[in-house]
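[1] Coordinates only, no sequence provided:
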């Protein structure tokens, strides 16, 4: 199908002879089609062939805001309200109906943050929740206890194993282990902030032993105090629960507001920390060093038994 030059030179000037509404609509839709990935493009072209050009079914593919309730694609994916989560943009995913739309949004990203929570960690542990956050602050909490292996088969495994999506993490050793042994997922292409901070500190302070820093410490270092303090306060509340050895709290459904806040924060804070650290680690040496140590983090527990907290990281 071809277009005349008058279509490409269309102006909003009302004094100019107007093009038909149909031609304007077709031009707009085709421009948008050029930005779509293959799967959505194929669906949209099928709609055009069937005479559905410009209908809500077609234009839904162009709206990428998962919070947009006018988009039919978002019917089953609803943001948690303030009664269930203190933060905006957090979505609880516990049904197969929600997975296709959720993964279609995630797949448009280049950098995501990732974490998981388990009833028990280790080779015989049990994953209860997987958290993924986007750069725009949207957070998806995948209820693995409810969905089981289906959530990995539907797309989460591909995302976690992919070289396309950079996964920002903090100390991914146990996460990598439990994913591999319990769900046959080989976590890949990560940016581990624990390692990255250690390298940055070593560059600044010289050849001194660098210990492993916890996420709470990095939150204090890299996030403005007014925001970091709120995150740390929630961490302390949950720490009191964990002190009693109550990891069974992750089995509770519905999960309490405090635990949802805690889970969401674990991935929300990773993006600003990454944005603070990554620009300072761009030399060829830095990149080689990080690749080597990220790989070591991913394989640390997979095939051996090691102490979780070695004295020094580098």
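    Right, received. Where do you want to start? Because the structure is predicted, anything quoted here is derived from the model rather than measured. Residues are numbered from 1 along each chain as shown.
[2] what's the spacing between residue 179 and residue 264?
    20 Å (CB to CB, to the nearest Å). (Each C-beta comes from the backbone N, C-alpha and C, glycine too.)
[3] got it, and residue 172?
    Distance from residue 172 to residue 264, by CB to CB: 18 Å.
[4] do residue 82 as well
    According to CB to CB, residue 82 stands 13 Å off from residue 264.
[5] quick one, which of these two is more surrounded?
    residue 264 (26 against 9; other CB atoms under 10 Å).
[6] any idea of the pLDDT on that one?
    In this model, residue 264 is scored at 97, pLDDT.
[7] what residues are up against residue 281?
    By CB atoms under 8 Å, 6 or more residues apart in numbering, the contact set of residue 281 is 196, 199, 200, 287, 290.
[8] Most neighbours of all the residues you listed, which one?
    Most surrounded of those: other CB under 10 Å gives residue 196, at 25 neighbours.
[9] That one: what's it in contact with?
    274, 277, 278, 281, 290.
[10] For the host helix or strand of residue 242, the averaged confidence score.
    Element membership for residue 242 (DSSP states H and E) is helix 225-243. For helix 225-243, mean pLDDT rounds to 86.
[11] So which elements touch it?
    Applying 3 or more CB pairs under 8 Å, 6 or more residues apart in numbering; DSSP states H and E, we find helix 225-243 packed against helix 215-222, helix 257-268.
[12] Relative to residue 189, which of those helices is closest?
    Smallest distance to residue 189 across the helices and strands packed on helix 225-243 (CB to CB): 16.4 Å, for helix 257-268.
[13] Between helix 225-243 and the following helix or strand past that closest one, find me the angle.
    Scanning forward in sequence from helix 257-268 by DSSP H and E, the next helix or strand is helix 270-277. Relative orientation of helix 270-277 and helix 225-243, computed by axes from the mean of the first three to the mean of the last three CA atoms, to 10 degrees: 130 degrees.
[14] Please state the offset of helix 270-277 from the chain centre?
    Helix 270-277 sits 14 Å away from the centroid of its parent chain (CA atoms, centre = their mean, to the nearest Å).
[15] What's the mean pLDDT across it?
    Per-residue scores along helix 270-277 average to 97.
[16] Check which helices and strands it sits against.
    Under the contact definition 3+ CB pairs under 8 Å, 6+ apart, helix 270-277 sits against strand 111-120, strand 166-169, helix 193-205, helix 215-222.
[17] So what touches that helix?
    By CB under 8 Å, 6+ apart, helix 270-277 touches 111, 113, 115, 133, 135, 168-170, 191, 193, 196-197, 200, 218-219, 222-223.
[18] Equivalent analysis for stretch 176-187, please.
    By CB under 8 Å, 6+ apart, stretch 176-187 touches 116, 118, 121-127, 149, 152, 156-157, 160-161, 167, 172, 175, 297-302.
[19] how about 7 Å then?
    118, 121-123, 125, 127, 149, 152, 157, 160-161, 172, 175, 298, 301-302 (CB atoms under 7 Å, 6 or more residues apart in numbering).
[20] any idea how far it is from the chain center?
    The chain centroid and the centroid of stretch 176-187 are separated by 18 Å, computed with CA atoms, centre = their mean.
[21] circling back: what subset of the contacts of helix 270-277 is buried?
    The neighbour-count test (16 or more other CB atoms under 10 Å) marks 111, 113, 115, 133, 168-170, 191, 193, 196-197, 200, 218-219, 222-223 as buried among these.
[22] Nearest to residue 258 among the residues you listed?
    residue 115 (16.5 Å).
[23] residues touching the closest one, list them.
    131, 169, 266, 267.
[24] Which one (most neighbours) among those residues?
    Busiest of the contacts of residue 115 [other CB under 10 Å] is residue 169, holding 28 neighbours.
[25] Tell me who's in contact with that one.
    114, 115, 175, 190, 192.
[26] Report the beta-bridge partner residues of the second one.
    With DSSP bridges applied, the residues forming beta bridges to residue 115 are residue 131.
[27] and it, what pLDDT?
    Looking at residue 115, the pLDDT reads 98.
[28] ditto for the last one
    Reading off the confidence values, residue 192 has pLDDT 98.
[29] how close does it get to residue 119?
    Taking CB to CB, one finds residue 192 at 24 Å from residue 119.
[30] of those two, who's got more company?
    residue 192 (22 against 15).
[31] The more buried one contacts residue 294, doesn't it?
    Yes: using CB atoms under 7 Å, residue 192 makes contact with residue 294 at a distance of 5.4 Å.
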